[in-house]
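**Q** Make a model of this:
(chains A and B)
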Protein chains: 2
Amino acid sequence: MADYEKMWEELGMNMELHDRLCQVLPTAFGDVYLSQENRPEGMGFWDFVVSGIHGIRPAELIEAQKNGQKVFGTFCVYVPDEVVIAAKGIVTGLCGGSQFWVPGGEKVLPKGTCPLIKASVGARLDKTCPFFRIADMYVGETTCDGKKKAWEILGEDVPMHIMDIPQMKREKDIVKWAGEIEEFKKVVEDFTGNKITVENLNEAIKIINNKRKALGRVFNCRKAAKVPISGKDALLMMQIAFFDDPVRCAEMCNKLADELEKRIADGVSVCPEGTKRILVTGTPLAIPNWKLHHIIETSGAIVVCEEMCTGTRYFENMVEEDLPTLEAQYMALARRYMKTNCACFTPNTARFDDILRMVDEYKVDGVIDVNLKFCNLYDTEGFLLERTLKEKGIPVLGIETDYTDADAEQLKTRIGAFIEMLG
Amino acid sequence: MADYEKMWEELGMNMELHDRLCQVLPTAFGDVYLSQENRPEGMGFWDFVVSGIHGIRPAELIEAQKNGQKVFGTFCVYVPDEVVIAAKGIVTGLCGGSQFWVPGGEKVLPKGTCPLIKASVGARLDKTCPFFRIADMYVGETTCDGKKKAWEILGEDVPMHIMDIPQMKREKDIVKWAGEIEEFKKVVEDFTGNKITVENLNEAIKIINNKRKALGRVFNCRKAAKVPISGKDALLMMQIAFFDDPVRCAEMCNKLADELEKRIADGVSVCPEGTKRILVTGTPLAIPNWKLHHIIETSGAIVVCEEMCTGTRYFENMVEEDLPTLEAQYMALARRYMKTNCACFTPNTARFDDILRMVDEYKVDGVIDVNLKFCNLYDTEGFLLERTLKEKGIPVLGIETDYTDADAEQLKTRIGAFIEMLG
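**A** Just a heads-up that it's a prediction; the model follows:
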């Protein structure tokens, strides 16, 4: 990625520290991804994106900025990309998934904060991620204690807009969320200088719906008896979806889905028949967090579905299209986003319904409920989830982990035993 | 407390486990409280209440229930007592402050939940606290991740109503909170069978305002150069205020304030001149959590103010009285409650303004910022608070602790060194 050094310098990055990250990533990716056999050809696109993760897309974003476009960095699947796209803005996910960034976050945040938040704050303050440097404005939300308060520290370093998400899901809460979307629309208009109209918002809704449908097509292929794509590859597609241009993302996912559908027709699978099928649920797996999938898929099982923000929560449910007024569009957006079931809501039993449905649809043999350390929300909800699954006779393994490799051996043992037990 | 055994049995309590609690409390209270010298006579009332903490007030509540009154258990200073009082209901605080209840909470909650929440859930599920048995309905709120999710578990065992508190403080958020208060009013009406009117709500507003003024009078006395009451005694008054009848509470606090004002006139103090004056801020100190105050006040300093839920946040700011409509009353209630500055809001810099004002008003020599383990909100905010105080040249010590005694020696050393440094 040497070609991008000048760009990184101009972004004010910490070159020395960033070099250290650049040295480890390719090896990590090679070990986890390129070692897989019989991968779909379509994954070549994502391999290419990762090979230049801090160069290719950042260079595109900077080019777009030169043409007057604004880049909005987000941290949550509840923030409506449609509003930004309508104003010719660009959205880039900013959730950090590497232990590399955690110590930087711990300089200002309690150690007892989840690694995702610590990594995100560390990536910004340590100046070791171009996406965090490029984003003109960050958009935060009040989904959890850790993020809600981290914005106060990040906000000293970068312009931030906060959306106050309701903590429940009654009709009036959906109306409140529509109000937050309307306010966000005004902020985006002011910041980009572009007016949001019924027409361009409708167009943006279609763009993002198309992206959702394309991601859904790939997930749909994972329901097949002969699984045509590994969980690791599907996860990578999801992780990059947060960073990529939404039109290209849809195009690439549709191309991949074409290939996977052909594989299904031809009976081509990435694993032997009888391989145990795992649904992973819980906290998100931000790039480059591939630890859990790698352990599962080198322990004789395959991940067929992620009920996660980096999974079904990101693309299920469409926004109603072709509505005649902005007010109707805000409500349609609010309704769609509030269908997403995150543990930040109380109650959140609809998530259990989702998981039970997916266990059925994806023909799941066992569920792994993974919690990022110090996420009290998913940890508490996990108690109720695991009880619900056990009552239904569905095997479930609860796991707590972070971004370090310290627990890899222990996880291998536990996950290996769980998969064996499924036999 | 043997007289109350029959009552406890009828409440379905775990008698054997509860006996163990009854055995330790009197000694703990004696060691911490009765060892103090020159206490105000007015404290006799609170000593009496504590001596029968699980008997006297519970018996009153049961008597009230026999007369058709309903008891509402609450966990947060944002839940408006006025609404319950207007419907002839009774409010009792339910926050647990003893390590005794923590293991019961840990059976169903993550260990990484704050001790206050674990103790509260444990006290209910282990059946070792009469207040948790007596309350007909619990009222929860969405102030923090831990509580928000704990309600889902508690709600399986007891009727619960949840109020969704906004996470920010814009005008529309105050309107939203007024809406939650209106909904709560309907719930209370249905549950008690009593109609809430402009008149009885206005009367309730006055009752609670009077209680606030009385608590404020006592706190006001702590501003005197010669401090007429220990921090421990003031804290005990605050803790019991959450449980007691509000009219009696005001009466007793006013009586105590009369005595303290006389002490000030007479130059009577509980500590030698020059004793260092400490403001304690952070997470609440629920009864019987006296650890921190005891350490501070046996290390040569005196606590003159608590910027806490069990402190100024509970009684500062009055609700506007004599408003002509229920809608106006909901808004007046919402405005008053939203003036309280808890770390659950973002941003919450008004809390820093409060603390700086109190440092001045209470002539504070040093601030101790205490965080209950695993409270991410106050922990993160503490970083910004401590920086703010240091910038103003105000000495500050940040402490993290829980309900165990394991860190008592370490705290003594750190607090002792801090107080010495103030000299």
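
**Q** Okay, helices next: where are they in the stretch 101-250 of chain A?
**A** A:102-106, A:115-125, A:130-134, A:145-154, A:171-192, A:198-221, A:231-241, A:246-266 (DSSP state H, counting those that start in this stretch).

**Q** so which of those helices gets nearest residue B:72?
**A** For the helices of the stretch 101-250 of chain A, the distance to residue B:72 is smallest for helix A:171-192, at 22.4 Å, taking C-beta to C-beta. For glycine as for every other residue, the C-beta is placed from the backbone atoms N, C-alpha and C.

**Q** got the buried residues for the closest one?
**A** When burial is assessed from 16 or more other C-beta atoms under 10 Å in any protein chain shown, helix A:171-192 yields the following buried residues: A:173-174, A:176-185, A:187-189, A:191-192.

**Q** Stretch A:388-408 now?
**A** Residues of stretch A:388-408 classed as buried by neighbour count (16+ other C-beta under 10 Å): A:388-389, A:394-403, A:407.

**Q** so who does residue A:120 touch?
**A** When contacts are counted by C-beta atoms under 8 Å, 6 or more residues apart in numbering or on different chains, residue A:120 touches A:75, A:94, A:95, A:96, A:101, A:105, A:132, A:150.

**Q** Between those, identify the one with the most neighbours.
**A** Within these, most neighbours by other C-beta atoms under 10 Å in any protein chain shown means residue A:96, with 31 neighbours.

**Q** Find the nearest non-adjacent residue to that residue, please.
**A** Leaving out its chain neighbours, the residue that sits closest to residue A:96 by C-beta to C-beta, 6 or more residues apart in numbering or on different chains is residue A:119, at 3.0 Å.

**Q** The one you found is in contact with residue A:105, isn't it?
**A** Yes: between residue A:119 and residue A:105 there is a contact under C-beta atoms under 8 Å: 6.0 Å.

**Q** Would you mind pulling the contact partners of the helix or strand bottoming out on mean pLDDT in chain A?
**A** Within chain A, confidence by mean pLDDT, DSSP states H and E is lowest for helix A:15-29 among all helices and strands, at a mean of 92. Residues from elsewhere that reach helix A:15-29, judged by C-beta under 8 Å, 6+ apart: A:1, A:5, A:8-9, A:50-51, A:53-54, A:98, A:100, A:126-129, A:288, A:290.

**Q** From those residues, pick the one nearest chain B.
**A** residue A:126 (16.8 Å; C-beta to the nearest C-beta).

**Q** OK, contacts around the closest one?
**A** So residue A:126 contacts A:14, A:17, A:101, A:104 (C-beta under 8 Å, 6+ apart).

**Q** Let me know how buried the second one is, in neighbour terms.
**A** When you say that, I think you mean residue A:17. 14.

**Q** any idea how far it lies from residue A:8?
**A** 11 Å (C-beta to C-beta, to the nearest Å).

**Q** Same check on the last one?
**A** Between residue A:104 and residue A:8 the distance is 17 Å, computed by C-beta to C-beta.

**Q** pLDDT score for the closest residue to residue A:107 other than its chain neighbours?
**A** Nearest residue to residue A:107 in three dimensions, chain neighbours excluded: residue A:125, at 7.1 Å (C-beta to C-beta, 6+ apart). Listed pLDDT for residue A:125 reads 97.

**Q** do the same with residue A:2
**A** On the pLDDT scale, residue A:2 gets 55.

**Q** Contacts only, for the most centrally placed residue in chain A.
**A** By C-alpha atoms, centre = their mean, chain A has its centre lying nearest to residue A:310, at 3.2 Å. For residue A:310, the contacting residues are A:235, A:238, A:239, A:242, A:284, A:285, A:286, by C-beta under 8 Å, 6+ apart.

**Q** leaving aside the residues next to it on the chain, what's closest to residue A:403?
**A** residue A:99 (3.8 Å).

**Q** The one you found is in contact with residue A:122, isn't it?
**A** No: counting by C-beta under 8 Å, residue A:99 sits too far from residue A:122 to count as a contact (9.7 Å).

**Q** Once you drop chain neighbours, what's closest to residue A:135?
**A** Nearest to residue A:135 is residue A:73, by C-beta to C-beta, 6+ apart, at 3.3 Å.

**Q** what kind of secondary structure is that neighbour in?
**A** strand (DSSP: H, G, I helix; E, B strand; the rest coil).

**Q** pretty sure it is touching residue A:131, no?
**A** Yes: with contact defined as C-beta under 8 Å, residue A:73 and residue A:131 form a contacting pair (6.8 Å).

**Q** Give the intersection of the neighbour lists for those two.
**A** A:92, A:94.

**Q** higher neighbour count, those two?
**A** residue A:73 (26 against 22).

**Q** do you know how far residue A:37 is from residue B:132?
**A** As judged by C-beta to C-beta, residue A:37 and residue B:132 stand 58 Å apart.

**Q** ditto for residue A:88
**A** 56 Å.

**Q** Ok, residue A:45 next?
**A** 58 Å.

**Q** now do residue A:190
**A** Residue A:190 is 50 Å from residue B:132, by C-beta to C-beta.

**Q** Check residue A:423 too.
**A** Distance from residue A:423 to residue B:132, by C-beta to C-beta: 45 Å.

**Q** from memory residue A:166 sits against residue B:162, does it?
**A** No: between residue A:166 and residue B:162 there is no contact under C-beta under 8 Å: 11.7 Å.
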